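Visitor: could you look at this predicted model? Sequence included:
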Amino acid sequence: MRRVVVTGLGLVTPVGLTVEDTWTNLLAGKSGAGPITKFDPSRLQVRFACEVKGFDPLLYMDRKEAKRYDLFAQLALAGAHQALTQAGLADGVPHPERTGVIIGSGIGGITTFMEQAELYLTKGPDRVSPFFIPMFIPDIAAGLVSIRYGLKGPNFCTVSACASSAHAIGESFELIRLGKADVMVTGGSEAAILGMSIAGFQNMKALSTRNDEPEKASRPFDKMRDGFVLGDGGAVVVLESLEHAMDRGATILGEVLGYGLSGDAHHMTQPAPEGEGAQRAMRDCLADGQIDPRDVDYINAHGTSTDQGDIAETQAVKAVFGEHARKLVFGSTKSMTGHLLGAAGGLEFAVSLLVASQGRIPPTINQEVPDPECDLDCVPNVAAERPVRVALSNSFGFGGHNVTLAVRAFEG
């Protein structure tokens, strides 16, 4: 099977509107959480989130397009433009039929859905926009990217809750590896910060309620954690076969080694005991990439800052890596970005790639009271520098969906 490399990254996140800004702020331990500004949250128990700040869609599309695209699609287009520009493919690809798009989203255009539902209920069916359906459906982000850049290869959307964009990257990796595509534009986008989403998550007791200290609310592995912080964002990467990238003289940012996936078959929202499904995803990824577990130096944890989730994932890492678990870094950048739901896996894959290529590891912030059940090294509060041979990225979704991706610096 063919080797698969990364040649472009694009990020629009709560801590930066570009890859460079996002990476700089993650290394600095900057939180993206703050009071909600998109709408009036006064009726909610939770009144803060990790919003994308200062995003201007007109940098990536004209005003008419912006009005016809939900924010989640705008974020996907922005991430794709950044990634394709870095890859040197924004002005055209050599073989459009061999270049595809898979962009995942857990929810899709939920803001559009809520706005149009309100119109339907208050003003009648004739007031529903003719653009409602294409603005709302989760697959429209992949469709718009393919249309914008003329990409005619495999094209679809993965929807698996918080594992959506990790599945997108994994399936893109498989298509290239198996020779069904040469280039894939892949990742995820989400824009779910609105009253209905927060009400749903808060009522199931999944969100932190630290309204007075939002920047300290997301605290994976800390004893005082009380839930995750909702975030918006887009994360897109360009994957290519090694041969294709080298033939066109592309700059190679890193290499994808393995892809593991599993199902818990346990509970709608809670992880399987001892992270059994997560264990299998990690083992599958290691086997898929023929990776010695002792070569893994960093794991970007799913690490949402929920009580059961953080414990189960810690138990899973210990079960898979044994004594080596004490030697690797097991950190969560969600402590800064919040939880981007369907876009989380794409962002954290990009972070894992940057860690592996640079040997710089963002901290897990807000570590104040150690949890004895989450006792692995998460690089608390301050970034670290150390060589990283292989990095893993874990993503788990409601419904029991588990994905692990493995990356390393490109070694020729």
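Guide: Now that the structure is in, tell me what you want to look at. Here the structure is a predicted model, which means the values were calculated and not measured.
Visitor: going forward, measure contacts and count neighbours with C-alpha atoms only.
Guide: Noted.
Visitor: was I right to think Val128 contacts Thr122?
Guide: No. Applying Cα atoms under 8 Å as the test, Val128 and Thr122 come out as separate, 10.6 Å apart.
Visitor: more crowded one of the two?
Guide: The neighbour comparison of Val128 against Thr122 (other Cα atoms under 10 Å) goes to Val128, with 17 against 10.
Visitor: now do the strands in the stretch 201-350 of the chain.
Guide: Using DSSP state E, counting those that start in this stretch, the strands of the stretch 201-350 of the chain run over residues 233-241, 254-263, 296-300, 329-331.
Visitor: what's the most buried one of the ones you listed?
Guide: strand 233-241 (a mean of 32; mean count of other Cα atoms under 10 Å).
Visitor: strand partners (parallel or antiparallel) of that one?
Guide: strand 4-12 (antiparallel), strand 183-190 (antiparallel) (DSSP bridges).
Visitor: ok and whichever helix or strand comes after the first one relative to strand 233-241, angle-wise?
Guide: On the C-terminal side of strand 4-12, the nearest following helix or strand under DSSP states H and E is helix 19-27. Taking axes from the mean of the first three to the mean of the last three Cα atoms, to 10 degrees, helix 19-27 and strand 233-241 form an angle of 110 degrees between their directions.
Visitor: the following helix or strand past helix 19-27 pairs with which strands?
Guide: Using DSSP H and E, the helix or strand that directly follows helix 19-27 along the chain is strand 34-35. Looking at strand 34-35 with DSSP bridges, its partner strands are strand 48-49 (antiparallel).
Visitor: quick one: closest of the strands of the stretch 201-350 of the chain to Asp56.
Guide: Smallest distance to Asp56 across the strands of the stretch 201-350 of the chain (Cα to Cα): 13.0 Å, for strand 233-241.
Visitor: what's the angle between the closest one and strand 254-263?
Guide: Using the same axes, to 10 degrees, strand 233-241 lies at 110 degrees relative to strand 254-263.
Visitor: ok now strand 233-241, how far from the chain's centre?
Guide: Distance of strand 233-241 from the chain centroid (Cα atoms, centre = their mean, to the nearest Å) equals 11 Å.
Visitor: what does stretch 364-381 give?
Guide: 22 Å.
Visitor: CA atoms of that stretch as CSV?
Guide: Extracted in CSV, the C-alpha atoms of stretch 364-381 (Å, rounded to 0.1, in the frame of the first residue of the first chain):
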residue,chain,number,x,y,z
THR,A,364,-3.0,20.8,29.4
ILE,A,365,-4.0,24.0,31.3
ASN,A,366,-6.1,24.4,34.5
GLN,A,367,-4.3,21.6,36.3
GLU,A,368,-4.7,22.6,39.9
VAL,A,369,-5.9,19.5,41.9
PRO,A,370,-4.4,16.2,40.6
ASP,A,371,-6.9,13.5,40.1
PRO,A,372,-5.4,10.2,41.3
GLU,A,373,-7.4,8.3,38.6
CYS,A,374,-5.9,10.5,35.8
ASP,A,375,-2.3,10.2,36.8
LEU,A,376,-0.4,10.2,33.5
ASP,A,377,1.8,13.1,32.3
CYS,A,378,-0.4,15.7,30.6
VAL,A,379,2.3,18.4,30.6
PRO,A,380,0.4,20.5,33.1
ASN,A,381,0.0,24.2,32.6
